[in-house]
Structure formats: structure tokens, C-alpha cells
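K.L.:
Just a sequence and a predicted model for now, questions to come.
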Amino acid sequence: MTPVAPARDRLRIAIQKSGRLADPARALLASCGLTWRESRDRLFCYGETLPIDLLLVRDDDIPGLIADGVCDFGVVGRNVLAEQDAGRVAHDQASAFREWRALGFGKCRLAVAVPEGWSWQGPAQLSGMRVATSYPALLSRWLADQGVAAEVAFLSGSVEIAPRLGQADAVCDIVSSGGTLAANQLKPVATLFESEAVLAGPVAELDAIRGELAALLLRRLDGALRMRHSKLLMFQAPREVLPSLLPLLPDADAPTVMRVDGAEDLALQALCHGAVTWQRLEELKRAGARGLMVLSVEGMLA
Ligand SMILES: Nc1ncnc2c1ncn2[C@@H]1O[C@H](COP(=O)(O)OP(=O)(O)OP(=O)(O)O)[C@@H](O)[C@H]1O
Ligand SMILES: O=P(O)(O)OC[C@H]1O[C@H](OP(=O)(O)OP(=O)(O)O)[C@H](O)[C@@H]1O
Ligand SMILES: [Mg+2]
């Protein structure tokens, strides 16, 4: 049977069992060198290469698992974390979570949207209206900040359809491409905040053993996050064109410069954190670079 309380010498991370964040969360942790043996019920993954286990759950349960100390970390949308934190604060409870890292996927925003036919004059227009949302704590806080008295109607899903069904005048929900709003003849008019997947943990410190494991995980995670879009760019060039080539390297660390055996030319390798586009490669070639080669970076430890 799956143990409930975390063993003191193992770290436990909650991730979404299925849904938008499930695969990218697992892939990111795997890129940190973690491997697991999955339980038969697919709810628990036992860490093999490191004592770092995964608990596979609904995303809404992740903040509670962290607050209760069942998990040491969770990969969850900032929107879910912020909603539950706002709910705690509204009930005079202390904030229980700490956002350790933003993870760069699951990007979306929480926005208020109104029927396309409305001419939007500002939040005061929502006074006396009914706004449907899955984020009642965040919406209530935002309305209060705006000094607007509106009714908040909770719906756990399919929020965008509420105005068409006559259940609400406006909505407050997650928006990414805006396609779902448009399909329901709604338009976004105010952004409450921007969200993405984050690595969340408790406010309280971990004990020494798990603290060390957490530090190791964060070190590897930083390397993986930094390397995710980085490329190693290699090329040769005559020495005299170097000053015009270096400014063209996209957000590069100081390059390694070597002499090419038996020639006057130089060989360069530069770790680029910006986008190495075809256009940029052509610019480098025009500026005198030859034999340009772009390599993916599998890992890095600073
Ligand atoms: N359209 C979107 N584009 C990008 N990210 C999104 C989008 N919609 C939601 N997200 C982010 O992904 C998270 C998970 O979304 P998903 O739809 O899988 O949640 P869910 O249906 O509540 O899943 P669960 O079954 O775990 O409760 C959201 O909390 C949000 O952070
Ligand atoms: O702006 P868009 O790109 O259209 O994305 C926004 C939609 O995505 C999410 O729903 P999802 O597709 O995950 O469905 P569900 O939450 O209803 O399961 C969110 O709840 C919005 O409805
Ligand atoms: Mg959910």
C-alpha cells in the first residue's frame, strides 16, 4: 500500500496525474536525471536513481498536499496555487506556499471576459452583475480591490458557456489563445494575473536530509531550465572579423576561442541562450563565419 506520511529520508513531489501539466512536469523532472518505478495503480512513482518520489494527483489537490506536509513539492499552475492561497488568506489563515521556480510551461492568464457586444468602460461596469468563475477567491479579491460589488457564481468547469445559458453576465477564467472565449462570443477585458506551471513548496523549512535533496533537485532544475532552449554554436572565422561576429551571438556566454591547426583562422564555440534562428546563422555567415554548427545541450551544471 502507498505510504501516506512522507518518509523522512525521501523527497515527495506531487504532479498532475493527467491533464495539461502531467507530461511536461514529468519530462522536466526526468531531464534532471530522475527515474521512477511506477506503482500498479499509477498513483505513486518510486524514485530509483534518487530518493525522490512522485505522487500523481488532481492538480487542485496539490496545494493541500503541500500544506498538510504530505508532499514536499508540487508542480502546479500558479492560478491554482494563488486561488487556494487567496482562499486561506480570506479565512485568516497564513499563506502556506512558496513558489520556488517558474517552470516555463502551462502559460495562461486569468481574465475577466464579457459578451462581445458590450462596450467595455472598466470594472465598475460589473457592479450588480453576476460573474461566473472557478476562481472565486481571486475574483472576489480583485473585485474588492476595484471597489466593485458584483455577485461571484462558482462553476467548477465550462465557465465560458454560462452567459449563453443565462447563468451569468460575465466570466472570469483561464485564457490562453482566446479561442474558447471567441467560440462563446466573449471578449477578455481585464487580466487578473499571468500564470504558468511552478514548482511550489511549503513556507516551512525542510529537515536536513530532505533539505539537501531539495537543494540538489533545485540545482539540477536550474541547469535543465537554463539549458532547455540553449544551443551550442560552433564555427570558424578569420581573426579580423571577430569584433563584428561577437555581437551577433544570441545571448551568449563568453565564447571559447581556439586556433585552427595550421591556419590563421579561429574556431569558436559559444553557448547561446537566445534563439539561434536561420536568419541569425545567415547573418553570421555574411559576417565571415564558416562551418556553422548548432548543437542541442543535454545538460549543464554551473
Ligand atoms: N488553455 C491553456 N493553455 C495553457 N495552460 C493552461 C490552459 N488551461 C489551463 N492551463 C494550465 O494548466 C493547468 C491544468 O489544466 P487542466 O485543464 O489539465 O486542469 P484540470 O482539468 O483542473 O485537471 P485535473 O484533472 O488535474 O483537476 C491549469 O491549472 C492552468 O495552470
Ligand atoms: O484560450 P484557450 O486557448 O481557448 O484556452 C482556455 C481554455 O483552456 C482551459 O480549458 P481546457 O481546454 O483545459 O478544458 P477544461 O478546463 O474545461 O477541461 C481553460 O479552462 C479555458 O476554458
Ligand atoms: Mg483541476
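P.N.:
That came in fine, so what should we check first? These numbers come from a predicted model, not from an experiment. Ligands and ions are numbered 1, 2, ... in the order given.
K.L.:
Please identify which helix or strand holds Arg26.
P.N.:
helix 22-30 (DSSP states H and E).
K.L.:
I'd like the next helix or strand past that helix.
P.N.:
strand 36-38.
K.L.:
Now do the buried residues in that next one.
P.N.:
Trp36 (16 or more other CB atoms under 10 Å). (Each C-beta comes from the backbone N, C-alpha and C, glycine too.)
K.L.:
Which residues does it contact?
P.N.:
44-48, 53-54 (CB atoms under 8 Å, 6 or more residues apart in numbering).
K.L.:
now do 10 Å
P.N.:
26, 29-30, 44-50, 52-54, 56 (CB atoms under 10 Å, 6 or more residues apart in numbering).
K.L.:
Likewise for stretch 151-166?
P.N.:
60, 113-115, 126, 128-140, 143, 167-175, 180-186.
K.L.:
Out of the contacts of strand 36-38, which comes closest to Ser230?
P.N.:
Ala30 (18.0 Å; CB to CB).
K.L.:
Might one say that that closest one is in contact with Ala224?
P.N.:
Yes - if you go by CB atoms under 10 Å, Ala30 and Ala224 touch, sitting 9.4 Å apart.
K.L.:
out of everything not next to it in sequence, what's closest to the residue in the stretch 151-300 of the chain positioned nearest to ligand 1?
P.N.:
At 3.3 Å from ligand 1, Ser176 is the closest residue in the stretch 151-300 of the chain, using CB to the nearest ligand atom. Distances taken as CB to CB, 6 or more residues apart in numbering place Cys108 nearest to Ser176, at 4.4 Å, with adjacent residues excluded.
K.L.:
ok, the spatially closest residue to Ala252 that is not a sequence neighbour - how many residues close by?
P.N.:
Nearest non-adjacent residue to Ala252, counting by CB to CB, 6+ apart: Ala270, 4.2 Å away. Look at Ala270: counted by other CB atoms under 10 Å, it has 21 neighbours.
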